[in-house]
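Undergrad: Got a predicted structure here, sequence first:
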Amino acid sequence: MNIPMHSRAAAATPAVAAPRSRSTAAPPAESAKAPAKAGEAKEKAPTARSTSAGWSDLPSSRLKSVKCADPFASKANQFKTKFGSVYNGGGIPCRLNHGAVNIKLQWGRDPAELPYDPLLVTCAEGLCETEHPYAFASRACFEELLAAQGGPEKALPLVPRIIPSIRAALVSPNKKVFEGGVDAAAQLSQAVGEALNPFINVLVVQMNKRSNDKHLAHKILAAMQSFEEYGGPLAFKVIKSKVPTYCSIHI
């Protein structure tokens, strides 16, 4: 059968249009997937941030809990003890050397060449400091002065003036200050030996009040044993009279 040419063209037009309609419908489907991928990327972003947040926990982060002195405070409120004002004014020839992990003292002069009166007494007063850098500097200075060459001989005549400061640290409600006082008492005992015996009863009584604290008991016992080791039998009698449960290191 003969079909006119214009009819053939009309019949061919729907066949061509159909593929075009399918091809034009495809892009909306792809565009619908694009927002979904963008949404997935946004959901994954917090995960990446939370992973990188761990890098903020640097070794120095442990110092964030240490209370630092306010350099802009008035002089009346800036220093708790005489040590703070002397140290801040350059009266103690040392400075803090902040390493990657530890902090230590760096002396401008050899401690053995320094006059211990009143330097050692001032450092003992600083045992009650609670703010950085005075708390660390006072305890480190006290320890290193006693350990320096000739330090024990220079400390002997200063014992009666040092004991009140150590006792003040032992009665402090601050645990760190108390621990510093216990350490200082043990260090002084190792340096002066039997010269500390007349004052042991004052120190032992305050230490024994916190002997039930499991975090402090070992340190307190070590200090009492140091009293006995360097103070001899007389020191043991004094300790035993104040702490009946104490056992001698020679048993």
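TA: The structure has been received and is ready for your questions.
Undergrad: Report how many residues lie close to residue 227.
TA: The number of residues packed near residue 227 is 27, by other C-beta atoms under 10 Å. Bear in mind the C-beta positions are built from the backbone N, C-alpha and C, glycine included.
Undergrad: correct me, but it touches residue 200?
TA: Yes: Residue 227 is in contact with residue 200 according to C-beta atoms under 8 Å; the separation is 5.4 Å.
Undergrad: Now the common contact residues for the two.
TA: 235, 239 (C-beta atoms under 8 Å, 6 or more residues apart in numbering).
Undergrad: Wait, a helix at residue 83?
TA: Yes: applying DSSP: H, G, I helix; E, B strand; the rest coil, one finds residue 83 inside a helix.
Undergrad: need the contact list for the nearest residue to it once chain neighbours are set aside.
TA: In space, and not counting its chain neighbours, residue 83 is closest to residue 126: 2.9 Å by C-beta to C-beta, 6 or more residues apart in numbering. Applying C-beta under 8 Å, 6+ apart, one finds that residue 126 lies in contact with 81-84, 87, 134-135, 137-139, 141-142.
Undergrad: What separation do you get for residue 126 and residue 109?
TA: 19 Å (C-beta to C-beta, to the nearest Å).
Undergrad: give me the low-pLDDT residue ranges for the stretch 151-251 of the chain?
TA: Within the stretch 151-251 of the chain, no stretch falls below the threshold (pLDDT under 70).
Undergrad: mind listing the helices in it by residue range?
TA: For the stretch 151-251 of the chain, the helices defined by DSSP state H, counting those that start in this stretch occupy 151-155, 159-170, 175-192, 200-208, 217-231, 233-242.
Undergrad: Highest mean neighbour count across those, which stretch is it?
TA: helix 175-192 (a mean of 22; mean count of other C-beta atoms under 10 Å).
Undergrad: Convert the C-alpha atoms of it to CSV, please.
TA: Once non-C-alpha atoms are left out, helix 175-192 reads as follows in CSV (Å, rounded to 0.1, in the frame of the first residue of the first chain):
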residue,chain,number,x,y,z
LYS,A,175,46.9,18.8,99.9
LYS,A,176,49.8,19.9,97.6
VAL,A,177,51.0,22.3,100.2
PHE,A,178,50.9,19.6,102.8
GLU,A,179,52.9,17.2,100.6
GLY,A,180,55.4,20.0,100.1
GLY,A,181,55.7,20.4,103.9
VAL,A,182,56.3,16.6,104.4
ASP,A,183,58.9,16.5,101.7
ALA,A,184,60.7,19.6,103.1
ALA,A,185,60.7,18.0,106.6
ALA,A,186,62.3,14.8,105.3
GLN,A,187,64.9,16.8,103.3
LEU,A,188,65.7,18.9,106.4
SER,A,189,66.1,15.8,108.5
GLN,A,190,68.6,14.3,106.0
ALA,A,191,70.6,17.5,106.0
VAL,A,192,70.8,18.4,109.7
